[in-house]
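>>> take this sequence and fold it.
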Amino acid sequence: AGSGTDLVDPTVRTSGSLASPSVGSPVTISYDEYGVPTVAAADRGDAYFAEGYLHAQNRFTQMDLSRRLSAGELAALIGPEMVGRDREARGFRMRRTALAVVEAMDDAQRAVLASYTRGVNAGLADLPSPPPEYAVIGAAPSEWSEEDSVLVMLSFMRMLDWTAQSEARHAGFFMAMPAPVREFLTYPVSRLDAPVSTLERRRPSILPIPSREVISLRELEPIPETVVVPPGGGGPPRGDFDGFDGFGGGDGDGDAPGDADAPDARDPGTPGSNNWALAGTRTADGRAILASDPHLGLTLPGAWYRLRMTWPDHDLVGLSIPGIPGVIIGSNGHVAWGFTNLTGDLQDLIQLELHPDDPGRYRTADGWEPFGEAIEVIEVRGSDPVSLPLRTTRWGVVNGAYRDARGVERDAVVEWAGLHPELCNFKLFELEEARTLEDALAVLGTWYGPPQNAVVAASDGRVGYTITGFLPDRGGLDGRRPYGLWDGTEPWT
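Residues are numbered from 1 along each chain as shown. Okay, the predicted model is just below:
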């Protein structure tokens, strides 16, 4: 306990002791005057056990909803009103991805995750009563599993990677407008953008305004009855044309996918996340300064959980995410690191061309191929389970849609790193061992989570920047609007 325990939820244990066979040596948890806990452990596994314990004691409802949002399992806890949201989430089949990510972990990562998971379940079991939200809905919380932590990471990836939804909104516009017009209106670079190395000297120019020879509203060609998108496409979306949301799966309950998580294109505001670092050569005392200000949406409770974790030769302090082990933004005493979202084009819509006489087949480079089928079963609290058939293709599940230039809804497959277990990992754990700037940048270069702008400051006064996460190589395709792969073009890698 400590002087700040009066700032901690009174249902959380802040004194006494707990015996657990999962802990090899005594672990202490103390609180500072702000209610921020410090974990003092004898080794790494015990420290992560204690972190899991704290997360469960303080934020289990938040963790539970996050894993269920990714997996499409909200209806099992809340009831029929969540079936629409679960339908949309099941199209991404993220629990399958999470299980595969856990199975692919090396022994060190798996040990950390196992210790953390045991700590979560110990913390949940040690609560005097379930979190109050469960009493309100008359349900009981269920135990944590290792793959649930991956689901929480995937939940953040979906929140931060939203481009397929935006591309769906603008598909009709891109099909109807001449290339110079759409590029002018959606050009991704502004006069305020410049590479950091030339920021003080150069500004990129904007594209010229299209002339009447390019477009005249009085002379536009009529839109054809059928619009087929060729491989490729163009123009990163920047505004909203009040079009189709772009994703199916809802059942009319207004709970369409991702809208609560993705930036609202109708909002004229600009996302304001920022991070920066100042080298010791530019500070009064020779020490580097790092600032990181990721602008996540406002939630109650907040997305972050502050803590400090220590064990011999290790001292981690900063911000964690309930449900995920480790310190996400913070310092280990040798290096400090921070993130802001990359906001790159990280998702694509793969267009499907259906057979004109048989909608059960779609076009491929090898001819017309029948759709496969996978069945997802959605458990519903207080009601019968809902069986959800999913159409599958060689490129993935049919889980997207958009409206073409005539307003006709078209099916699509969303391509995204979060659907591929090999493109997701927990390498971020390894930052705890970084001792130099080069160590930290090397670790960040191998971490596959939501792609981020990463800034690092080292104790020797040096600073660095890199981009994390998987960035798709489209092999010349333009992924800024729906495109087809039926000509044999390979999907991005």
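
>>> give the other helices and strands that the helix-or-strand element of the chain with minimal mean pLDDT contacts.
Every helix and strand of the chain was ranked by mean pLDDT, DSSP states H and E. The lowest is helix 179-186, at a mean of 84. When contacts are defined as 3 or more CB pairs under 8 Å, 6 or more residues apart in numbering; DSSP states H and E, helix 179-186 sits against helix 163-176. (Each C-beta comes from the backbone N, C-alpha and C, glycine too.)

>>> quick one on the thing from earlier: just the C-alpha atoms of the least confident helix or strand of the chain, please, in PDB.
Extracted in PDB, the C-alpha atoms of helix 179-186 (Å, rounded to 0.1, in the frame of the first residue of the first chain):
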ATOM      1  CA  ALA A 179      -8.000  11.000 -63.000                       C
ATOM      2  CA  PRO A 180      -6.700  14.700 -62.800                       C
ATOM      3  CA  VAL A 181      -9.800  15.700 -60.900                       C
ATOM      4  CA  ARG A 182      -9.800  12.900 -58.400                       C
ATOM      5  CA  GLU A 183      -6.000  13.300 -57.800                       C
ATOM      6  CA  PHE A 184      -6.400  17.100 -57.300                       C
ATOM      7  CA  LEU A 185      -9.200  16.700 -54.800                       C
ATOM      8  CA  THR A 186      -7.600  13.800 -52.900                       C
END
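
>>> name the next helix or strand downstream of it, please.
As assigned by DSSP states H and E, the chain's next helix or strand after helix 179-186 is strand 274-278.

>>> partners of that next one, with directions?
The pairing partners recorded for strand 274-278 under DSSP bridges are strand 289-293 (antiparallel).

>>> who touches the helix or strand that comes right after the strand it pairs with?
Sequence order places strand 305-311 as the next helix or strand after strand 289-293, per DSSP H and E. Residues from elsewhere that reach strand 305-311 (CB atoms under 8 Å, 6 or more residues apart in numbering): 36-44, 46-48, 50-51, 54-55, 58-59, 315-322, 327.

>>> let me see the mean pLDDT of strand 305-311.
Averaged over strand 305-311, pLDDT sits at 97.

>>> alpha carbons only: can I get whichever helix or strand comes after it in CSV?
Downstream of strand 305-311, the next assigned helix or strand under DSSP H and E is strand 314-321. Provided in CSV are the C-alpha atoms of strand 314-321 (Å, rounded to 0.1, in the frame of the first residue of the first chain):
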residue,chain,number,x,y,z
HIS,A,314,15.1,-3.8,-15.2
ASP,A,315,13.0,-0.8,-14.5
LEU,A,316,10.1,-0.2,-16.8
VAL,A,317,7.8,2.8,-16.3
GLY,A,318,5.1,4.3,-18.5
LEU,A,319,1.7,3.4,-20.0
SER,A,320,0.3,0.0,-20.5
ILE,A,321,-2.9,-1.1,-22.2
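
>>> which residues does strand 314-321 contact?
Contacts for strand 314-321 (CB under 8 Å, 6+ apart): 44, 47, 51, 55, 152, 156, 303-310, 326-333, 432.

>>> repeat that for 6 Å
Here strand 314-321 makes contact (CB atoms under 6 Å, 6 or more residues apart in numbering) with 304-309, 327-333, 432.

>>> could these go into a markdown table alongside distance to A458?
A markdown table is the format used below for those (distance: CB to CB, whole Å):
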| residue | distance to A458 |
| --- | --- |
| W304 | 23 |
| Y305 | 26 |
| R306 | 22 |
| L307 | 23 |
| R308 | 20 |
| M309 | 20 |
| V327 | 17 |
| I328 | 19 |
| I329 | 16 |
| G330 | 14 |
| S331 | 10 |
| N332 | 11 |
| G333 | 11 |
| E432 | 15 |
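
>>> poorly predicted segments of the protein, please.
Applying pLDDT under 70 to the chain flags the ranges 1-11, 190-205, 217-271.

>>> tell me which residue is most central in it.
M157 (0.9 Å; CA atoms, centre = their mean).

>>> what's the angle from the host helix or strand of it to strand 314-321?
Per DSSP H and E: M157 is located in helix 146-160. With axes from the mean of the first three to the mean of the last three CA atoms, to 10 degrees as the basis, helix 146-160 and strand 314-321 are set at 60 degrees to each other.

>>> what about helix 146-160, distance to the chain center?
6 Å (CA atoms, centre = their mean, to the nearest Å).

>>> which strands or helices does it pack on?
Packing partners of helix 146-160 (3 or more CB pairs under 6 Å, 6 or more residues apart in numbering; DSSP states H and E): helix 44-71, helix 94-104, strand 324-331.

>>> need these in a markdown table (columns: mean neighbour count).
Listed next are the helices and strands packed on helix 146-160 as a markdown table, based on neighbours: other CB atoms under 10 Å:
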| stretch | mean neighbour count |
| --- | --- |
| helix 44-71 | 24 |
| helix 94-104 | 20 |
| strand 324-331 | 23 |
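
>>> contacts for the helix holding M157 next, please.
66-67, 69-71, 94, 98-99, 101-102, 113, 117, 261, 323-324, 341, 418, 449-450.

>>> that one vs helix 44-71, what angle?
Counting by the same axes, to 10 degrees, helix 146-160 points 60 degrees away from the direction of helix 44-71.
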